[in-house]
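Asks: Generate coordinates for the sequence data below:
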Amino acid sequence: MKAIRRFTVRTVLPEQLQPLHELALNLRWSWHPETRDLFRSVDPEVWAASGEDPVRLLGEVPAARLAALATDRRFLRRLGDLTEDLRDYLTGPRWYQSSPPGDDQQAVRTSLPAAIAYFSPEYGIAAALPQYSGGLGILAGDHLKAASDLGVPIIGVGLFYRHGYFRQSLNRDGWQQERYPLLDPDELAVSLLRESDGAPCRIDLALPGGRTLAAHVWKAQVGRVPLLLLDSDIEANSPAERDVTDRLYGGGSEHRLLQEMLLGIGGVRAVRGYCRLTGHPAPEVFHTNEGHAGFLGVERIRELIADDAAGPGLDFAAALEAVRAGTLFTTHTPVPAGIDRFDRELVARHFGGDAALPGVQAEQVLALGAETWRGGDPKLFNMAAMGLRLAQRANGVSTLHGEVSRSMFNGLWPGFDVTEVPITSVTNGVHAATWIDPAVVRLGAAELGADRAEAAMTTGDAKRWTGLERIGNTEVWELRRNLRAQLVDEARQRLRTSWRQRGAGEAELGWVSSVLDPDVLTIGFARRVPSYKRLTLMLRDQERLRALLLHPTRPVQIVVAGKAHPADDGGKRLIQQMVAFADDPVVRHRIVFLPDYDMAMAQHLYPGCDVWLNNPLRPLEACGTSGMKAALNGCLNLSVLDGWWDEWYDGQNGWAIPTADGTGGVLDPESVEAERRDDIEAAALYDLIENQVAARFYDRGADGLPHRWIAMVRHTLVTLGPKVLAGRMVREYVERLYAPAALAQRELAAARPGEGPYAGARVLAGWKARIREAWPAVRVEHVEAENRDEAQELGSALALRVQVALGTLEPDDVEVQVVSGRVDESDGISDACLLALKPVGGPDLDGRTRYEGSLELCRTGPFGYTVRVLPAHPGLASPAELGLVTLPAESAGMDAGLLR
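Replies: A predicted model of the protein is given here:
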């Protein structure tokens with residue numbers, strides 16, 4: 001018999017224990033070991049049964065136990081200390097408040113934004129708040145946690161999915177099964193955002209046909225950072241609208257569009273409501289984490305177009321400039337297929353007619369997402385293109401991914417070389433306190449001291465990690481063995497549960513108790529299961545793999561986990577193939593597949609592995625932060641040189657899997673060339689494991705210790721530790737992107753005498769319109785170099801004179817540049833240097849302006865130059881911002897620009 005209604009009956013805590021609610025509702029407990037230990041001591045059995053969730057724990061612990069704790073002076077003293085510690089953490093000055101970055105500290109201090117709004121479709125904060133599917137969400141969660149530790153005033157914005165992503169199990173044949181348990185907000189560490197009269201804060205979006213999409217806002221407190229999650233499952237909505245936030249990455253195209261409109265448009269309105277109700281400073285910078293939240297820029301344009309007390313009444317062009325100045329767009333996608341694209345007619349229907357945003361025309365919205373580049377589809381609306389057009393600053397998530405992104409989006413900046421596309425990179429990081437095992441922290445604190453160890457994990461200051469190299473070999477090896485043993489125990493428990501779900505009886509599972517060995521080299525592989533991550537590359541030669549697993553003196557064991565998207569049958573087949581191999585009684589004690597990979601599993605998996613394996617198709621891994629989490633625990637990486645590993649592999653912190661460059665098939669996993677590539681790379685993987693990885697792990701000294709292995713572990717901790725931290729990442733965002741964006745936003749928003757607020761935005765929009773209209777008349781008409789026919793020597797200079805027709809533009813509107821550098825056989829310039837030429841006098845009788853300068857010849861060998869004209873304005877973040885450039889025409893009137 002099923003209940004017709006479900007609700008939660010909450011425990012009434014004794015007055016002395018009321019601070020437990022305060023600790024439970026701030027998710028700082030998820031990365032604060034002392035607070036977790038306190039909750040564990042409330043009732044260890046209930047704590048384990050609740051999935052180590054404080055809110056569930058307090059709802060299920062027996063009343064008699066609570067009564068006993070209310071009189072336990074030792075427990076109450078710990079509770080008081082931890083409550084006070086949390087309050088100090090929430091209110092005391094931290095890095096952002098007390099240690100401004102940069103040389104000119106006063107200048108940087110005044111540039112820091114009062115607040116930043118950070119939008120993401122998913123967040124991995126803790127397993128107890130399952131609102132994530134993979135790396136994007138975990139990264140977003142780590143971003144908020146690091147911002148909290150550093151005191152960066154971020155407001156997180158996302159959606160509250162009533163069914164989260166999905167829980168994974170296997171059937172008897174090893175086929176992935178999905179289930180979607182309903183999440184009750186009353187059982188989670190969230191609270192409803194309410195108006196001053198106690199009514200829920202409600203966000204409304206107009207939909208076609210006179211319908212309305214309404215949402216309430218749940219707030220999760222992530223340390224110092226509020227995370228606002230919009231929930232459409234409310235009585236005000238019809239059944240279709242209630243289902244908009246049903247699950248993460250589910251539904252068809254219109255369903256996804258509505259989710260992204262609610263995230264972007266509704267998210268901005270939720271931020272405004274939160275700031276109004278709490279007094280939190282309004283954000284000056286808006287950070288779009290992937291294209292899913294791109295509509296936030298459209299909503300902010302609507303706000304600025306409004307001609308009332310809430311808005312300054314700008315036109316669309318000026319509003320666009322004001323929005324762009326304070327917006328950052330981060331792309332995580334290394335392939336066009338990973339970008340959300342919608343039918344233009346679908347988007348037009350949801351931004352036109354009775355669904356239109358006041359003052360914003362559907363055609364203006366469509367232009368933001370148009371695929372105007374060669375090869376683009378005019379029928380589709382591209383969310384990444386909109387994100388880039390609405391943001392003055394953009395970045396990829398590793399150095400290599402920045403290069404890939406510049407190439408992928410080059411079409412938005414025609415006429416510019418790939419290297420000049422205005423997309424930079426900030427390499428991702430991971431939140432140390434979340435992912436480092438407490439035993440590793442204790443070992444580091446014993447050498448560095450507790451305060452210095454905490455500061456090292458928070459800030460990413462490499463100097464604070466100095467000293468870890470002094471930890472003794474015996475201590476390092478004992479730690480690694482204990483962590484491996486913990487993973488073995490965890491894997492056996494999870495494997496037994498999985499086989500019971502697959503239909504096995506307890507009598508069939510005696511073998512599980514001998515699965516894995518705490519003294520055997522352990523390799524981990526866990527991630528989402530799209531084809532490009534190549535879950536089954538290790539199965540290319542199964543006999544070779546069996547030989548590695550069963551080696552008589554140097555055996556290897558492998559722990560595998562991962563989820564395929566529910567609609568991805570190809571990914572599910574890869575899992576089934578892996579499970580079929582791992583089910584073989586000959587090897588099942590050496591290789592296991594653990595279903596339901598989530599944060600709780602990961603926190604055992606990363607520390608317990610000796611080697612972390614990653615073998616994607618290069619360069620399709622944008623960053624790959626799982627290997628960072630493993631490295632923080634002294635695990636060595638074995639990876640293709642992709643993402644962050646391409647950047648920080650140094651030959652002593654792990655191994656690089658060779659790639660079969662030039663064999664083709666990179667973007668087509670089914671091609672014949674792809675088969676050959678996989679065979680080559682799998683063979684290289686086997687050779688590395690057998691002849692280098694296992695050989696070094698089992699190379700023991702007279703004391704039984706693998707000294708060379710331990711040296712690599714120590715080197716990894718000391719050198720990679722500070723680099724892979726989310727604290728380092730967030731500091732880079734603050735210094736390189738948030739602070740400049742805040743300054744640009746203020747410049748455009750400021751009032752000027754007689755012009756009112758946003759005068760700078762109006763001026764910049766008018767200037768851009770004038771430039772675009774006049775640009776077709778801009779020409780480089782003549783380039784002349786003195787002594788160009790004479791032999792050129794290193795250190796000499798060429799005197800250049802360039803005649804440029806500017807049409808109706810003034811010299812201050814443009815910059816005339818010489819681009820010079822080494823040239824290849826096709827005269828392409830590489831390692832380019834830029835030289836700005838100066839105008840000399842006014843226009844001649846033909847309306848041409850002369851520019852002059854001296855080009856220093858600073859390198860030997862084939863050398864060349866060209867000349868170009870670019871728009872120039874102090875409000876531009878990049879010379880390529882408008883996508884306009886004029887190069888010399890190919891005519892006899894030009895001097896040759898190539899010197900050999």
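Asks: if I pick residue 540, what's in contact with it?
Replies: Applying CB atoms under 8 Å, 6 or more residues apart in numbering to residue 540 gives the contacts 678-679, 682-683. All C-beta atoms are positioned from the backbone trio N, CA, C, and that covers glycine.
Asks: switch to 10 Å and redo it
Replies: Applying CB atoms under 10 Å, 6 or more residues apart in numbering, we find residue 540 in contact with 534, 675, 678-683, 685-686.
Asks: now do residue 810
Replies: Contacts of residue 810 by CB under 10 Å, 6+ apart are 839, 843, 849.
Asks: if you set the cut-off to 6 Å instead, what comes out?
Replies: Residues in contact with residue 810 (CB atoms under 6 Å, 6 or more residues apart in numbering): none are found.
Asks: Now do the buried residues in the top helix by length along the chain.
Replies: In the chain, taking DSSP state H as the definition, the longest helix is helix 473-501. Within helix 473-501, the residues that qualify as buried by neighbour count (16 or more other CB atoms under 10 Å) are 473, 476-477, 479-480, 483-484, 486-488, 490-492, 494-496, 498-499.
Asks: for stretch 26-45, same thing?
Replies: 26-32, 35-36, 38-39, 42-43.
Asks: cool, stretch 407-421 as well?
Replies: 408-413, 416-417, 420-421.
Asks: Between its first and last residues, what's the separation in that stretch?
Replies: Distance across stretch 407-421, first residue to last, is 8 Å (CA to CA, to the nearest Å).
Asks: residue boundaries of the helices in the stretch 701-850 of the chain?
Replies: With helices called from DSSP state H, counting those that start in this stretch, the stretch 701-850 of the chain shows them at 707-720, 726-732, 739-749, 759-774.
Asks: before we move on, what about the stretch 201-350 of the chain?
Replies: 239-242, 253-261, 267-278, 296-305, 316-325, 344-350.
Asks: would you list these in a markdown table and tack on distance to residue 705?
Replies: As requested, these are exported to a markdown table (distance: least, CB to CB, whole Å):
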| stretch | distance to residue 705 |
| --- | --- |
| helix 239-242 | 60 |
| helix 253-261 | 53 |
| helix 267-278 | 53 |
| helix 296-305 | 54 |
| helix 316-325 | 57 |
| helix 344-350 | 62 |
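Asks: Residue 148 is nearest to which of these?
Replies: helix 267-278 (16.3 Å; CB to CB).
Asks: So residue 637: helix, strand or coil?
Replies: strand (DSSP: H, G, I helix; E, B strand; the rest coil).
Asks: so how far is residue 692 from the nearest residue to it once chain neighbours are set aside?
Replies: Spatial nearest neighbour of residue 637, excluding adjacent residues (CB to CB, 6 or more residues apart in numbering): residue 654 at 3.7 Å. In this view, residue 654 and residue 692 are 10 Å apart by CB to CB, to the nearest Å.
Asks: more crowded one of the two?
Replies: Shown here are residue 654 and residue 692; by other CB atoms under 10 Å, residue 654 has more neighbours (24 against 12).
Asks: Of the buried residues of stretch 26-45, which pair is most distant in space?
Replies: Every pair of the buried residues of stretch 26-45 checked by CB to CB; the farthest is 31 and 43, at 22.0 Å.
Asks: Quick one: low-confidence residue ranges for the protein.
Replies: Along the chain, segments meeting pLDDT under 70 span 1-10, 99-109, 309, 661-672, 787-792, 795, 890-900.
Asks: Residue 852 is in what secondary structure piece?
Replies: According to DSSP states H and E, residue 852 maps onto strand 848-856.
Asks: again, but for residue 558
Replies: Assigned by DSSP H and E, residue 558 falls within strand 556-561.
Asks: what does residue 145 give?
Replies: Here residue 145 is assigned to helix 135-150, by DSSP H and E.
Asks: circling back to that earlier point, now, the buried residues of stretch 26-45 that are in helices?
Replies: Going by DSSP H, the helices hold 35-36, 38-39, 42 from those.
Asks: Reformat those into a markdown table and put distance to residue 777 next to each item.
Replies: Conversion of these to a markdown table gives the following (distance: CB to CB, whole Å):
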| residue | distance to residue 777 |
| --- | --- |
| 35 | 67 |
| 36 | 68 |
| 38 | 72 |
| 39 | 71 |
| 42 | 76 |
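Asks: Residue 14: which of these is nearest?
Replies: Once CB to CB is applied, the member of these that ends up nearest residue 14 is residue 42, at 12.4 Å.
Asks: which non-adjacent residue is nearest the closest one?
Replies: Once flanking residues are discounted, residue 42 sits nearest to residue 61: 5.8 Å by CB to CB, 6+ apart.
Asks: just residue 264 next, same as before
Replies: Leaving aside its sequence neighbours, residue 264 sits nearest to residue 295 (CB to CB, 6+ apart; 3.0 Å).
Asks: next one: residue 700
Replies: Using CB to CB, 6+ apart and skipping the chain neighbours, the partner closest in space to residue 700 is residue 706 (5.5 Å).
Asks: For the one you found, which residues are in contact?
Replies: Counted by CB under 6 Å, 6+ apart, residue 706 has contacts 697, 699-700.
Asks: Among those residues, name the buried ones.
Replies: Buried, going by 16+ other CB under 10 Å: residue 697, out of those.
Asks: which parts of stretch 501-508 are buried?
Replies: For stretch 501-508, a neighbour-count test (16+ other CB under 10 Å) marks residue 502 as buried.
Asks: centre of the chain versus that stretch, how much separation?
Replies: 40 Å (CA atoms, centre = their mean, to the nearest Å).
Asks: for the closest residue to residue 843 other than its chain neighbours, what are its contacts?
Replies: Residue nearest to residue 843 in three dimensions, not counting chain neighbours: residue 849, with 5.4 Å by CB to CB, 6+ apart. Going by CB under 6 Å, 6+ apart, residue 849 touches 804, 806, 811, 839, 843.
Asks: Out of these, who's the most crowded?
Replies: Neighbour tally across those (other CB under 10 Å): the maximum, 25 neighbours, falls on residue 804.
Asks: Roughly how far does that residue sit from residue 870?
Replies: Per CB to CB, residue 804 is found 11 Å from residue 870.
Asks: before we move on, what about residue 198?
Replies: According to CB to CB, residue 198 stands 57 Å off from residue 870.
Asks: and whichever strand or helix holds residue 547, what does it pack onto?
Replies: Using DSSP H and E, residue 547 falls within helix 542-549. The helices and strands touching helix 542-549, judged by 3 or more CB pairs under 6 Å, 6 or more residues apart in numbering; DSSP states H and E, number zero.
Asks: Could I get the full set of strands for the stretch 551-700 of the chain?
Replies: Using DSSP state E, counting those that start in this stretch, the strands of the stretch 551-700 of the chain run over 556-561, 591-594, 611-614, 636-640, 654-657.
Asks: swap that for the stretch 1-150 of the chain, sorry
Replies: 116-119, 123-124, 130-131.
Asks: what comes into contact with the longest one?
Replies: Right, the one you point to is strand 116-119. Contacts of strand 116-119 (CB under 6 Å, 6+ apart): 154-157, 267, 271, 283, 285-288, 293, 296, 738.
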